[in-house]
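Enquirer: just need the structure, nothing else, for what follows:
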Amino acid sequence: MFPQQIIEELLSVAHVQSVAARAGVSISNFDKDFGIDGTFRQITAIGNRQFTSGYALDFQLKASINCFLEPKYIVYDLEVKTYNDLV
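Expert: Below is the predicted model of the structure:
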């Protein structure tokens, strides 16, 4: 059985892949963790051909059960260092 942290990570990756598929964007995941977990790319169709286009959007996933819901937000207490790395 996987440790809880690995289960959370795998579920978050599956969720993001599902959302990307529904949005019709390409997603690339990285095996090594250097601060970027993956990249989104727009898919464009010309005739019968599809290809990636536009700008790449890098992302970093965060998985946690330590968050709470407010009416308009999901609140998660992020460490200052981690927040600064994201910015």
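Enquirer: show me what the lengthiest helix in the chain is packed up against.
Expert: Identified as the longest helix of the chain according to DSSP state H is helix 4-23. Judged by 3 or more C-beta pairs under 8 Å, 6 or more residues apart in numbering; DSSP states H and E, the packing partners of helix 4-23 are strand 25-29. Bear in mind the C-beta positions are built from the backbone N, C-alpha and C, glycine included.
Enquirer: who's in contact with the strand it packs on?
Expert: Strand 25-29 is contacted from outside by 13, 16-17, 20-21, 37-43, 52, using C-beta atoms under 8 Å, 6 or more residues apart in numbering.
Enquirer: what lines up beside it in the sheet?
Expert: When pairs are called by DSSP bridges, strand 25-29 turns out to pair with strand 38-46 (antiparallel).
Enquirer: next, the buried residues of the partner strand.
Expert: By neighbour count on 16 or more other C-beta atoms under 10 Å, the buried set for strand 38-46 is Gly38, Thr39, Phe40, Arg41.
Enquirer: if we can go back for a sec, so how far is the longest helix of the chain off the chain centroid?
Expert: 7 Å (C-alpha atoms, centre = their mean, to the nearest Å).
Enquirer: same thing with stretch 6-24?
Expert: Between the centre of stretch 6-24 and the centre of its chain there are 7 Å (C-alpha atoms, centre = their mean).
Enquirer: so which bits of that stretch are buried?
Expert: Across stretch 6-24, burial judged by 16+ other C-beta under 10 Å covers Glu8, Glu9, Val13, Val16, Ala20.
Enquirer: ok, Ser64 - contacts?
Expert: Neighbours of Ser64 in contact, by C-beta under 8 Å, 6+ apart: Glu8, Tyr76.
Enquirer: distance of it from Asp77?
Expert: 9 Å (C-beta to C-beta, to the nearest Å).
Enquirer: name the residues that touch the longest helix of the chain?
Expert: Here helix 4-23 makes contact (C-beta under 8 Å, 6+ apart) with 2, 26-27, 29, 37-38, 40, 59, 61-65.
Enquirer: which of these lies closest to Leu86?
Expert: Lys62 (8.9 Å; C-beta to C-beta).
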